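**Q** sequence isn't available, so here's the structure alone:
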C-alpha cells in the first residue's frame, strides 16, 4: 500500500522495475488526493493505477489536461456523473473516448450521435449500431 504522495512520487520516478511496480499498489483516497494536489504532473500515473476509487476518477475527470480527461474517459468504472460531464467535454477526443467506452449508457451514446464533431458522431453511431446488433 502507498502511504503518502512522496512515496508514490519516488516509485513512479524510479529506474528500478521493482520500485516502479509499487506505483500500481493501492492507496487510500487521501493519498491520491495529496498526489493530485502536491504533484499535478503525476496525475497521469494516478489515472493509470487500476485501484483508484470512483471519487478519484471523478476528481481526475475535472483536470485541466485533455490527456488526463481522455485517460479517465476510457475507464469502465466511471460513474454516471463522470460519463455525463465528459460527454460534454470541450475536447472532441475526450467525447470520442466516451462514445467508445464499453460501459457508456445508451442515452449518453444517443446524445453523442448528434455531436457536431464528425469523429465523435461517427464513433457514437458505430457503437450504437454495435449495441443494436447485440440485441
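**A** Looks like it came in fine. Please read all numbers here as calculations on a predicted model, not as lab measurements.
**Q** excluding chain neighbours, what is closest to residue 115?
**A** residue 121 (4.8 Å; Cβ to Cβ, 6 or more residues apart in numbering). Any C-beta I mention is one placed from the backbone N, CA and C, and that applies to glycine too.
**Q** ok, now which ones touch that neighbour?
**A** Residue 121 sits next to 112-115 when contact means Cβ atoms under 8 Å, 6 or more residues apart in numbering.
**Q** drop anything exposed from those.
**A** The neighbour-count test (16 or more other Cβ atoms under 10 Å) marks 112-113, 115 as buried among those.
**Q** where does the prediction get shaky in the protein?
**A** For the chain, the stretches with pLDDT under 70 are 131-132, 134-135.
**Q** mind listing the helices for it?
**A** With DSSP state H as the criterion, the chain has helices at 5-12, 17-21, 29-38, 43-48, 54-60, 66-73, 80-87, 92-100, 106-112, 118-134.
**Q** pick the most buried one from those helices.
**A** Comparing those by mean neighbour count (mean count of other Cβ atoms under 10 Å), helix 92-100 comes out on top with a mean of 23.
**Q** and that helix with helix 118-134, angle?
**A** With axes from the mean of the first three to the mean of the last three Cα atoms, to 10 degrees defining the directions, helix 92-100 sits at 0 degrees from helix 118-134.
**Q** which residues sit against helix 92-100?
**A** With contact meaning Cβ under 8 Å, 6+ apart, helix 92-100 is reached by 66, 69-70, 73-74, 83, 86-89, 104, 108-109, 112, 115, 117, 119-120, 123-124, 127.
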